[in-house]
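In: sharing a model that was predicted from the sequence below.
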Amino acid sequence: MMETVTKTPTKENSTEDIKYKLIAENISASYDGIVTVKNVSMKFRDRAVTALIGPSGCGKTTFLRCLNRMHELTKNATLTGKVLLDGEDLYSNKVDPIINRRKIGMVFQKPNPFPTMSIYDNVACGLRLNGVKDKKILDEVVEGCLKMASLWNEVKGDLKKPGMSLSGGQQQRLCIARALAIQPEVLLMDEPASALDPIATQKIEEMIQELKKEYTIIIVTHNMQQATRVSDYTGFMYLGDLIEFGETKQIFENPRNEITAKYVQGQFG
Amino acid sequence: MITPEQRAEFRKHFRYNVGRRLVLDKIVKCIVFICVIVAIVPLISILVNVFSNGAAALTWNFLTQVPGAVGSDDPGGIGPAIQGTLVLIGLSSLIGVPIGVMGGIFLSEYGNNRFGRTVRFFNDVLAEFPTIVIGVFAFVLIVLTVGNFSVWAGSFALSIVMLPIIMRTTEESLKLVPVTYREAGYALGIRRYRVVFTIVLSSARSGLVTGILLAVARIAGETAPLVFTILGSSQFISDLNGPVDALPLRIWRLSSLPYDSAVTQGWGAAFILIIMVLSINIGVRYIFLRNKEKTFIKFKKLGAVS
Amino acid sequence: MVDPLISNLMSTRDIMMTIKMKKGSPHIDKIFKYVAIGAATYVLAIIAMIVFNLVTGSAQVWQQEGISFLTGSDWNSVEGRESYGAFPYIMGTIVNAGIAMLIAVPLSFGIAMFLSELSPKIMRTPLAMIVELLAAVPSVVYGLWGLLVFRTYIQDWIETPLHNLFGDQSIIFAGTPFGLDILTASVVLAIMIIPTIASISKEIMLAVPNSQREAAYMLGATKWEAFRLAVLPYSKSGLIGATILGLGRAVGETMAVTMLIGNATGAAAIPTSLFQPGQTMASIMANEFAEASSGGLHLAALVGIGLILFVMAFAINVVAHLLVAKVVKSHEGAVLA
Ligand SMILES: Nc1ncnc2c1ncn2[C@@H]1O[C@H](COP(=O)(O)OP(=O)(O)OP(=O)(O)O)[C@@H](O)[C@H]1O
Ligand SMILES: [Mg+2]
């Protein structure tokens, strides 16, 4: 089964100048000694959307959290492997994790706005942290990010309301805005649309298309249609292994692996 | 939408200051570490002093004899104080435990109304009352009325100290029993009091016992209420209506005497008291660490444990 | 008749016991309820009785002294020249508790932060255990330690150098340090309430979900920044509650303070210098009770001080409860002490 795995997305008529923004090499991660991500290597193209799909519990979130050193914050969690951002090792001892985390925005699977902060501060706090003091810039960024997360129209009246007073879907969009505000280069999104209605989902997908022009985006989703709509490449994970990784079209229309085939046809998962 | 040009403009305003922020982070960590050291050193010193000085004072006579005459060569022992503390704990539990448990049952089973909230509120406030005020109260109510210091007056004062602790811990333990247990009982047509006594109380047993033990540990060391109610004595108890000695009170009296033997005895009495209080606390923790119970964490948040 | 879900939850033995058991009589059910209500009412009755007895017990001194019992500084129990004013002790209580809080609160939050955020795993459990056990140590033991051990240290290492440095030019360091004074009592009081505040604060900080910290780290926060951004606001109300709880205990603490504060009376007890003997409301009650217990105005004065202390502690606790409840209501998800 392992022979058929394509670990590098291959593009027909690919040229030499393909740029990989983020490269994960032999990532293995475990909780309490139980390995949940097994030796996964993936390369993520710059200015492209990569989707991660797979049945629940297969390690998508865990893998995603390895990409910005979030995994090591969990108790009893261990990790081996390398992650290269622009060719630099994220895990090298020389750089503090905070330097690279701010280049990699993340939207968590469960919305986690700061409950006591206002909506405005929720978005602005990342900027303030990184030294933006100019009120005008702050206002501009907050408005822009809330617009991109398609939350602006609902909250523009009272940006002073605490973040916790929003509905679940609104909270999720607030978290998207918060992640966008620090102007990251890579965006990791863990099921960003799981709590959203179809219209908000569509807006978020449009946003992803827009951001793609500049960003490297990795999105975890359980929604196959969403993966086909927004992503250029798709990786399929199963029980901690990366089974197949390739162009989205190929994965969904012409999977090389039979488990992938079964999964994308909805036969299990 | 933010255009790429705008984004480039925004990025110009970022001053990451990583170096400075990391230094600040280090400084804060250092300060926190110093806090821990500064606070922990005296705390450890107390334990070390009590254990080393106290253990030296321990002899059989010290534990069983009555105190010698003040200033005499034979310092005697603290027998009456140990006896008094045990008797006081027993009597105040006799008053405090049943009322506390019943009150806790009320709060958890019937307390979901205005009256319940009022009781809970005042109970919480009572739990934090200065215990010396409770001592003065017991003095005015009992000692002044009856005309003499007594074991009963002391037990009454201590029972007021334990009451709110037991009530709150009982309530919390009962509330942790799943509603389905109660419903199972009601579904069988069993009356509420039987459901509470047979199903709920037995499921909440360990929490209940913990609460009572913690309350006992608390009153064992209480001094202020006793100053006003039991007077102290150098004899073993002969009459529950008469004065009595207690460990914390004896420690206080010994501390004000200018003799070396009194100092040694003071450490010895403190040692006995600490052993009593800490063994209850450690025992309770051991049981709960083993069972990984939620009750205990709940108690801690209530402040009942300390 | 038994729901399968319920039978899963309860062991078969329990079920069998339950079925075998009599279902109980409605009368006992009523009685049971009234007994429970009675027990709950007992608490309210006790508080009412405390107020009543303190008021009647001190009536004499209020009649005699009127408002000057609160504002006066005379304290004379010699028969014929009796005069009582509680002002110095009220001030003493405030100053003593205030200094103790100034020392204890930052240190406690430091410990709590260390235990919940920074400490390596192997240190966390034993350190937390020590802190919690120390909260259980009776105050008379703290007093004994303060008197026999700590007093000489603070006298030699802190008070004397401070006195030599600033000496009599400053008011707060005036007076020859003797070791039994306001500073010693306050420091030992601080040491006593640190475990309480620290262990409650630690629980409150630990109750902040990790997802909050992760959100801050995602933005590129350092450990301290994550604490400031995610942990502090989330647990603020609980920390305020813990602090006020500590204040309540500091105000009412008796034995350790009585043993260390030096037993000044009257106008001399109005706190000005840290190195001066003082007196708190609790300590004057404990100190003078033996002489006053036979009754009369002196006793009424001590009971009256008890009443003032009661009102003060009551107010602090009520404020703590209301404050915390209000803050919690305004944003659910925050933790209550
Ligand atoms: N904090 C944790 N501690 C212990 N085990 C964990 C933890 N988080 C996840 N796991 C385990 O790791 C495995 C992978 O979890 P992960 O969250 O990565 O799955 P996922 O693919 O994101 O699933 P889903 O689609 O449901 O979000 C699961 O089996 C889970 O039990
Ligand atoms: Mg997941």
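Out: Sure, I can see it. Residues are numbered from 1 along each chain as shown, chains lettered A, B, ... in the order given. Ligands and ions are numbered 1, 2, ... in the order given.

In: ok, the helix ranked longest in chain B near chain C or not?
Out: Longest helix in chain B by number of residues, with DSSP state H as the criterion: helix B:18-57. Yes. Under the criterion of C-beta under 8 Å from any C-beta of the partner chain, chain C is reached by helix B:18-57 at B:21-22, B:24-25, B:28-29, B:31-36, B:38-40, B:42-47, B:49-50. Where C-beta positions appear, they are placed from N, C-alpha and C, glycine not excepted.

In: show me which residues of the helix or strand just after that helix are buried.
Out: Moving toward the C-terminus from helix B:18-57, the next helix or strand (DSSP states H and E) is helix B:60-64. Neighbour counts over helix B:60-64 (16 or more other C-beta atoms under 10 Å in any protein chain shown) mark B:Phe62 as buried.

In: can I get helix B:60-64 in PDB? Just the C-alpha atoms.
Out: Output of helix B:60-64 as PDB, limited to C-alpha atoms (Å, rounded to 0.1, in the frame of the first residue of the first chain):
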ATOM      1  CA  TRP B  60       5.700   9.500  77.200                       C
ATOM      2  CA  ASN B  61       5.300  11.700  80.200                       C
ATOM      3  CA  PHE B  62       4.900  14.700  78.000                       C
ATOM      4  CA  LEU B  63       1.900  13.100  76.200                       C
ATOM      5  CA  THR B  64       0.200  11.800  79.300                       C
END
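
In: list the buried residues in the helix or strand just after it.
Out: Next helix or strand after helix B:60-64 toward the C-terminus (DSSP H and E): helix B:79-105. Using 16+ other C-beta under 10 Å as the burial criterion, the residues of helix B:79-105 that qualify are B:79-85, B:87-89, B:91-93, B:95-97, B:99-105.

In: close to chain C, is helix B:79-105?
Out: Yes. For helix B:79-105 and chain C, the contact criterion (C-beta under 8 Å from any C-beta) is met by B:98-103, B:105.

In: format the residues you listed as JSON lines; extra columns: distance to ligand 2.
Out: What follows is the residues of helix B:79-105 next to chain C, written out as JSON lines (distance: C-beta to the ion, whole Å):
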{"residue": "B:Pro98", "distance to ligand 2": "52"}
{"residue": "B:Ile99", "distance to ligand 2": "51"}
{"residue": "B:Gly100", "distance to ligand 2": "47"}
{"residue": "B:Val101", "distance to ligand 2": "46"}
{"residue": "B:Met102", "distance to ligand 2": "48"}
{"residue": "B:Gly103", "distance to ligand 2": "46"}
{"residue": "B:Ile105", "distance to ligand 2": "44"}
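
In: what's the neighbour count on the residue in chain A that ligand 2 sits nearest to?
Out: Evaluated by C-beta to the ion, chain A has A:Thr61 as its residue closest to ligand 2, separated by 3.0 Å. Neighbouring residues of A:Thr61 were enumerated by other C-beta atoms under 10 Å in any protein chain shown; the total is 21.

In: now do it, the pLDDT please.
Out: What the model reports as pLDDT for A:Thr61 is 94.

In: ok, now how distant is it from chain C?
Out: In this view, A:Thr61 and chain C are 12 Å apart by C-beta to the nearest C-beta, to the nearest Å.

In: doesn't that residue lie inside a helix?
Out: Yes. When DSSP: H, G, I helix; E, B strand; the rest coil is applied, A:Thr61 is found to be in a helix.

In: isn't it up against A:His222?
Out: No. No contact is recorded between A:Thr61 and A:His222 when judged using C-beta atoms under 8 Å, the distance being 11.6 Å.

In: now C:Thr272. Its backbone dihedrals?
Out: Main-chain torsions, C:Thr272, degrees, to the nearest 10: phi -130, psi -50.

In: out of everything not next to it in sequence, what's closest to it?
Out: Nearest in space to C:Thr272, with sequence neighbours left out and distances taken as C-beta to C-beta, 6 or more residues apart in numbering or on different chains, is C:Ile171 at 5.6 Å.

In: where does that neighbour land on pLDDT?
Out: In the prediction, the pLDDT value recorded for C:Ile171 is 78.

In: do the same with A:Leu196
Out: Predicted confidence (pLDDT) for A:Leu196: 86.

In: quick one on the thing from earlier: buried only: go through the residues of helix B:18-57 next to chain C for me.
Out: The neighbour-count test (16+ other C-beta under 10 Å) applied to the residues of helix B:18-57 next to chain C identifies B:21-22, B:25, B:28-29, B:32, B:35-36, B:39-40, B:42-43, B:46-47, B:49-50 as buried.

In: so which of the residues you listed sits lowest on pLDDT?
Out: Taking pLDDT as the measure, these have their low point at B:Leu43 (82).

In: what count of nearby residues applies to the closest residue to that one other than its chain neighbours?
Out: Leaving aside its sequence neighbours, B:Leu43 sits nearest to C:Leu134 (C-beta to C-beta, 6+ apart; 4.9 Å). Taking other C-beta under 10 Å as the criterion, the count of residues near C:Leu134 is 25.
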